[in-house]
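based on what follows, work out the 3D shape:
(one chain, ligands or ions: 1)
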Amino acid sequence: MLNLVLFGAPGSGKGTQSAKLIDEFGLHHISTGEVLRDHIKRETELGKIAQQYISEGQLIPDDLMISILDDVLEKEAKGKDGVIFDGFPRTIPQAEALKELLRKRGTDLHAVVGLEVPEEELVERMLNRGKETGRADDNLETIKKRLDVYHNQTSPLRDFYLNEGKYLKINGSGIVDDIFNEIASGLEKKTGVHRKKK
Ligand code: AMP
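Numbers count the residues shown, from 1 in each chain. The predicted structure follows:
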């Protein structure tokens, strides 16, 4: 069993590196951003609420986000070798809740992969992603708000997980495959779990 959090500012490469981790470590991927975007696309009640927060670059309130994650875990995570949490937690209460959600399922969080990327590079990457994918919150005004939210509400989690001895610091700038190799060897050292193929 290997449960990971992929942690980093918006634009730090969480989605890209998740795709490689799923493939090479055989993990199940849960991206809370993708879960919310799917609700928006399907025009559900939750989608309507989420849209308002996302378009303002703000976080969905903790209680709502935690209950969404609980549901997704219930539906998707049973019988899996482990889960990559991408975009969750984003606040200290969410981190406390994750601990409890995993504990009640008889498991634990094993490592937090922290992708560290300079701010100018984050902005450039998100602007490019916006052009390539049409993702609505990848515009300069919303990007700035999302980075403020990250600094104020999410970045304290770095110390939270450093204190727990779970934080694996990764230089998230450079070539995707090199970053992945740093993650994979760091995880192998930290958790003893090995990738399925090399
Ligand atoms: P992401 O795809 O992870 O960048 O998330 C896109 C947006 O979805 C964020 O800017 C938030 O508005 C919302 N969101 C995603 N995950 C969370 C979370 N864990 N807590 C609160 N809001 C979230």
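
what does the pLDDT read for residue 81?
What the model reports for residue 81 is a pLDDT of 87.

hang on, isn't it packed against residue 26?
Yes: using Cβ atoms under 8 Å, residue 81 is in contact with residue 26, at 5.3 Å. Bear in mind the C-beta positions are built from the backbone N, C-alpha and C, glycine included.

give me the nearest residue to residue 35, chain neighbours excluded.
Distance criterion Cβ to Cβ, 6 or more residues apart in numbering; nearest residue to residue 35, sequence neighbours excluded, is residue 72 at 6.0 Å.

was I right to think the one you found contacts residue 36?
No: if you go by Cβ under 8 Å, residue 72 and residue 36 don't touch, sitting 10.8 Å apart.

quick one: residues contacting the closest residue to residue 82 other than its chain neighbours.
Using Cβ to Cβ, 6+ apart and skipping the chain neighbours, the partner closest in space to residue 82 is residue 2 (3.8 Å). Residues counted as contacts of residue 2 (Cβ atoms under 8 Å, 6 or more residues apart in numbering) are 25, 27, 81, 82, 110, 111, 187, 191, 193.

isn't there a helix covering residue 2?
No: the assignment for residue 2 (DSSP: H, G, I helix; E, B strand; the rest coil) gives coil, which keeps it out of a helix.

roughly how far apart are it and the ligand?
Distance of residue 2 to the ligand, given as Cβ to the nearest ligand atom, to the nearest Å: 20 Å.

what pLDDT does the model give that residue?
93.
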